[in-house]
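Undergrad: here is my input; please provide its structure:
(one chain, ligands or ions: 1)
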Amino acid sequence: MIVTIRHAEPDDYDRVISSVDAWWGGRHMVSMLPRLFFTYFRPWTYVADHGEAIVGFLAGFRSQTNPSQVYCHFIGVDPAWRSRGVGEALYQRLFVAAAAHACHEVLAVKAPTNQGSIAFHIRLGFTLLPGHDSDSEIPFTPAYDGPGEDRVRFRKSLRDSLMRSPVIC
Ligand SMILES: CC(C)(COP(=O)(O)OP(=O)(O)OC[C@H]1O[C@@H](n2cnc3c(N)ncnc32)[C@H](O)[C@@H]1OP(=O)(O)O)[C@@H](O)C(=O)NCCC(=O)NCCS
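TA: Sure, this is the predicted structure:
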């Protein structure tokens, strides 16, 4: 069956938030995904539907500081649906929306321990921004999001973002 990508509805939050800890392998992620993405940032937040089920989501927003930038805060796919193009389809939807609003780049930060997410972002054409730890193979910024919260910073130029073919799930 087809997976479709659509803008999030406010009611989607309760369905998504009940899944995120499991989708992140049991890590406590709930506190990092507030409802506001499904209310105030709906133009930049998407869900992937398979029938009645939500099998993925992307929570983002357009920068209020630099309107040419879009930021992806969270992206998650149901483990049963991984490696089938759902994550890429969610990002492609964000790229298209960003380009339509004359935004030039998409930014994200991820934990350096999240090797899968790092590989995924590199595969989608993100580049790693310089970090402060030059000894690491993956440059990261220590304490970027507070004490103990190191982050890898990603940037993707939208000039080549639409080169890859749209994904059919
Ligand atoms: C990261 C995540 C969103 C990827 O979603 P997905 O639907 O499995 O990704 P896709 O199937 O669209 O993959 C797109 C490309 O990235 C690659 N990729 C995806 N996950 C990868 C991984 N863990 N390691 C290496 N490459 C990966 C795929 O192979 C694919 O490349 P290909 O076209 O050459 O085959 C998903 O694994 C996930 O939800 N992880 C847990 C949550 C998380 O860590 N989110 C990111 C931090 S907010």
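Undergrad: what residues are up against the closest residue to Ser157 other than its chain neighbours?
TA: Nearest non-adjacent residue to Ser157, counting by Cβ to Cβ, 6 or more residues apart in numbering: Glu105, 5.5 Å away. For every residue, glycine as well, the C-beta is placed using N, CA and C. Contacts for Glu105 (Cβ atoms under 8 Å, 6 or more residues apart in numbering) come out as Ser68, Gln69, Val70, Arg155, Lys156, Ser157, Leu158.
Undergrad: tell me which element the fourth one falls in.
TA: Arg155 is part of strand 152-157, with elements assigned from DSSP states H and E.
Undergrad: hang on, Gly131 packs against Arg153?
TA: Yes. Gly131 is within contact range of Arg153, at 7.1 Å (criterion: Cβ atoms under 8 Å).
Undergrad: show the pLDDT at the residue nearest to the spatial centre of the chain.
TA: By Cα atoms, centre = their mean, the chain has its centre lying nearest to Ile75, at 3.5 Å. Per-residue pLDDT puts Ile75 at 98.
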